[in-house]
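Visitor: quick one, structure for this:
(one chain, ligands or ions: 1)
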Amino acid sequence: MSSVEEYRTKCTFCSVQDDIILKRKSAEAAFFGKDSFFKLYYDEKSDRGLCPRGNFTLELLHSPYRLKNAELFGENCTIEKAIEGSVTELKRIIEKKNNIAILISGNHTLEEAYLARELSEALNTNLLGLFPFEDEALLSVKNNFSFKDLNERDLVLTVGDVFSLSPTLAKPILDARNRKRGNRLISLDILKGRVGLFAEHFNVEPGYMSYVLSVLLDYLKGKKKLDSDAVVGNVPAEKIRDIAEGLRKAENGQILFSNIYGHFANPHSIVRELFEISEITENKFAVIPIGQNSLGVGRIIGAFNNKKIMGALKEKKIEGLIILGGNPFEFIPGFEEMFDYLNFVMSTDFFKGSNESECIIPSAFSFEKRGSLISLEEKIVNLGESISPVGEAISDGDFISSLLLKLKGSRTKAKVSIPKVLPFSDVFDNKKPSSLTNKKFPFAAIGIGLPFHHHRGEITGKVKWNEDKKEPYVFVNPVTVKKNSLRNKVKIETPSGSFIFKIEDCDDLPFQIPEDVIAVPVHFRDCVELFIADSDLDGIISPGAEKARILK
Ligand code: SF4
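Guide: The predicted structure follows:
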């Protein structure tokens, strides 16, 4: 006889935080068979189910590539030894103020984020930042959103490809559009992606989204008349007027914003404009971050620090770096060079992969820990029940507590306060931009997300499941391929970097790719290098679309 173990928790892959259930038979005999593995279920009460990434939870759980031991200077050791060895290095570095930076991922609990703040104090630094970088631009928005009501909205305006980045939101959004004749789904993006296929879609010229929204906003405020034959960033003026009137007429409209690395040029300006548009037209507005709890973690950090951190790394002004929940070699463009001059890099990570940090601690996924998160609906929710982490892996909360104990000699209780939304920064960029493409760089490289990959693929991209597509690939319009006699592999160059990519069949992708666009799935490490990680005109590090050329 055996009973069933059941754990209810949240999907680790995005801020929609869908419920997942992990079950297995708890065998009483010491026999290891297929029943010893977990099976994945979703809550049948939920209408949304799980997307391919959510289903990937099991791959993470049973992956043979998980990091199971700590490493110090390339040698396996216990976590205690790794922390002890690191403390000696850290104590020397932190004699100087702001000589070390900490980057924490948005996939941490609120409790872990408070502890990270304590750690930054103990390490004598204000340089505490958030990744994925593109989520930092969203921290000034307090969401006005309800899962329950989403399918009743008479108008949904999406900016960014919500269906690719948060796939389980597709059903309630489509239900809303189909509920009543006259309901509308409008999509604005720099590429016609998955949501665009079902919506009244407008392809905005890459780099122009903030400008187009500023024109829409000025029209709503009565500050601007729109000439009928004018075209703004690819969008005819009459369509901007139509969107404005649609938003005005909507009785319970919802505006949603999604972004991904290499996509929008100045997302902080875009969200401020969308927020104002929602206020004027009395519709709801919400942002959908990439990280599971980026809204919570970012608000606890309490400042836009990534610009300072990336500046200090590039100018070689710091000696140490701590990464909580990721591999800096994968998500920081040009990190190899930074690694060469940094004296000590410590990271908590899930897979060994290419991570060469001096100290690596095996980290637990969200389904292997407990704690709380801020939901898209702005509620504080519990992760639920946790299964035991694999091998020696520990939660970053436990890791930070042990590190603090060694650094300070006493236990630390994190100071907890209500995390507040950050004020919008003063500098905004909604001036008319110049076109991204020119004679020398006739293409725009645009970062896209695929529903089965998470973020830049540092999690899903590493597992055997994807091995058949392990070389980096891009999507190019077949007309462009023919016109330029492109072969199966091409070198793509942007002002930031270059790499050889395979051209993948566009039939694999339901996107419509304009002839002058290269769609770059940003889950490959080499793709990240194509986009500049400098601060944009809003003072935010959030790499956007880049001018590019194809070298045969
Ligand atoms: S949309 Fe997909 S990735 Fe996001 S929480 Fe739901 S199942 Fe997970």
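
Visitor: quick one, strands of the stretch 401-550 of the chain?
Guide: Ranges of strands in the stretch 401-550 of the chain, per DSSP state E, counting those that start in this stretch, are 443-448, 473-476, 489-493, 498-504, 517-521, 546-551.

Visitor: what's the helix or strand for residue 158?
Guide: strand 155-159 (DSSP states H and E).

Visitor: who does that strand pair up with?
Guide: Applying DSSP bridges to the sheet, strand 155-159 is found paired with strand 184-189 (parallel), strand 254-258 (parallel).

Visitor: quick one: which of those is nearest residue 232?
Guide: strand 184-189 (11.5 Å; C-beta to C-beta). Every residue, glycine included, has its C-beta placed from N, CA and C.

Visitor: for stretch 304-324, what is the average pLDDT?
Guide: In this model, stretch 304-324 carries a mean pLDDT of 97.

Visitor: for it, the distance to its chain's centre please.
Guide: Mean C-alpha position of stretch 304-324 versus that of the full chain (C-alpha atoms, centre = their mean, to the nearest Å) differs by 19 Å.

Visitor: what of stretch 197-205?
Guide: Distance, centroid of stretch 197-205 to centroid of chain: 22 Å (C-alpha atoms, centre = their mean).

Visitor: tell me how far the ends of it are from each other?
Guide: 18 Å (C-alpha to C-alpha, to the nearest Å).

Visitor: what residues sit buried inside that stretch?
Guide: If you call a residue buried by 16 or more other C-beta atoms under 10 Å, then stretch 197-205 has these buried ones: 198, 199, 200, 201, 202, 203, 204, 205.

Visitor: show me what contacts the fourth one?
Guide: Spelled out, it's residue 201. Taking C-beta atoms under 8 Å, 6 or more residues apart in numbering, we find residue 201 in contact with 186, 187, 188, 189, 192, 195.

Visitor: before we move on, what about the first one?
Guide: If you count contacts by C-beta under 8 Å, 6+ apart, residue 198 has them with 163, 174, 177, 185.

Visitor: tell me which parts of the protein are close to the ligand?
Guide: Along the chain, the residues adjacent to the ligand under the rule C-beta under 6 Å from any ligand atom are 11, 13-14, 16-18, 50-51, 53-54, 166-168.

Visitor: make CSV out of the residues you listed and add secondary structure and pLDDT.
Guide: Shown next, in CSV, are those (DSSP: H, G, I helix; E, B strand; the rest coil; pLDDT from 0 to 100):
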residue, secondary structure, pLDDT
11, coil, 94
13, coil, 93
14, coil, 95
16, coil, 97
17, coil, 96
18, coil, 95
50, coil, 90
51, coil, 90
53, helix, 88
54, helix, 90
166, coil, 95
167, helix, 94
168, helix, 95
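
Visitor: include pLDDT and secondary structure when you put the buried residues of stretch 197-205 into a markdown table, please.
Guide: Formatted as a markdown table, the buried residues of stretch 197-205 follow (pLDDT from 0 to 100; DSSP: H, G, I helix; E, B strand; the rest coil):
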| residue | pLDDT | secondary structure |
| --- | --- | --- |
| 198 | 96 | helix |
| 199 | 97 | coil |
| 200 | 98 | strand |
| 201 | 97 | strand |
| 202 | 97 | strand |
| 203 | 95 | strand |
| 204 | 96 | coil |
| 205 | 94 | coil |
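
Visitor: residue 380 - nearest residue in space that isn't next to it in sequence?
Guide: In space, and not counting its chain neighbours, residue 380 is closest to residue 372: 5.3 Å by C-beta to C-beta, 6 or more residues apart in numbering.

Visitor: for residue 278, same thing?
Guide: In space, residue 278 is closest to residue 285, 3.6 Å off (C-beta to C-beta, 6+ apart).

Visitor: residue 255 is in contact with that neighbour, correct?
Guide: Yes. At 4.5 Å, residue 285 counts as touching residue 255 under the criterion of C-beta atoms under 8 Å.

Visitor: which one's more surrounded, these two?
Guide: Counted by other C-beta atoms under 10 Å, residue 285 and residue 255 do not tie: residue 255 has more neighbours, with 26 against 23.

Visitor: show the pLDDT at residue 161.
Guide: On pLDDT, residue 161 comes in at 96.

Visitor: state the distance from it to residue 543.
Guide: To residue 543, residue 161 is 17 Å away according to C-beta to C-beta, to the nearest Å.

Visitor: do residue 286 as well
Guide: Taking C-beta to C-beta, one finds residue 286 at 23 Å from residue 543.

Visitor: circling back to that earlier point, between the contacts of residue 201, which sits nearest the ligand?
Guide: Top of the list for closeness to the ligand, among these and by C-beta to the nearest ligand atom, is residue 195 at 13.4 Å.

Visitor: okay, now that closest one: neighbour count?
Guide: Per other C-beta under 10 Å, the neighbour tally for residue 195 reads 29.

Visitor: how about the helices in the stretch 201-350 of the chain?
Guide: For the stretch 201-350 of the chain, applying DSSP state H, counting those that start in this stretch gives helices covering 209-220, 237-249, 267-281, 294-301, 306-314, 328-331, 335-341.

Visitor: nearest to residue 89, of those?
Guide: Closest approach to residue 89 among these (C-beta to C-beta): helix 335-341, 14.6 Å.

Visitor: what average pLDDT does the closest one get?
Guide: Averaging pLDDT along helix 335-341 yields 95.

Visitor: list the contacts of it.
Guide: If you take C-beta under 8 Å, 6+ apart as the criterion, helix 335-341 is touched by 313, 314, 316, 321, 328, 329, 332, 345, 356.

Visitor: ok, the nearest residue to the fourth one once chain neighbours are set aside to residue 36 distance?
Guide: Put plainly, it is residue 321. Closest residue to residue 321 apart from its sequence neighbours, by C-beta to C-beta, 6+ apart: residue 345 at 4.9 Å. The gap separating residue 345 from residue 36 is 37 Å, by C-beta to C-beta.
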